[in-house]
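Asks: Structure for the following, please:
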Amino acid sequence: MNDFAADLFKRYYKGLCYFAWKLVGDSELAEDLAQDAFIAYLQRKENVSEDENSIRSFLYTAVIVCDRKRCQPV
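Replies: Have a look, this model is predicted:
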């Protein structure tokens, strides 16, 4: 993980976990969703503006999207 990604993780991980926990009510699932959000960002960072607000918005939106994908019937 490069310095930029490590800094993002340190800055947002706890907040994303809390946000995800408020959505799903399960701390382990919340951590998974937060990690999935970071993976989604790293896979798509070329398409996300580099300003702080855009990155934060992407991460929090990704938590919601990742939760919805997990909840879809198979």
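Asks: Find the nearest non-adjacent residue to residue 37, please.
Replies: residue 62 (3.8 Å; C-beta to C-beta, 6 or more residues apart in numbering). Where C-beta positions appear, they are placed from N, C-alpha and C, glycine not excepted.
Asks: What residues does that neighbour make contact with?
Replies: 36, 37, 40, 41 (C-beta atoms under 8 Å, 6 or more residues apart in numbering).
Asks: what does residue 42 give?
Replies: Here residue 42 is in contact with residue 5 (criterion: C-beta under 8 Å, 6+ apart).
Asks: Nearest spatial neighbour of residue 12, chain-adjacent residues omitted?
Replies: Once flanking residues are discounted, residue 12 sits nearest to residue 59: 5.6 Å by C-beta to C-beta, 6+ apart.
Asks: How about the contacts made by the residue nearest the centre of the chain?
Replies: Centroid-nearest residue in the chain, with C-alpha atoms, centre = their mean: residue 37, separated by 2.6 Å. By C-beta under 8 Å, 6+ apart, the residues touching residue 37 are 16, 59, 60, 62, 63, 66.
Asks: No further queries at this time; thank you.
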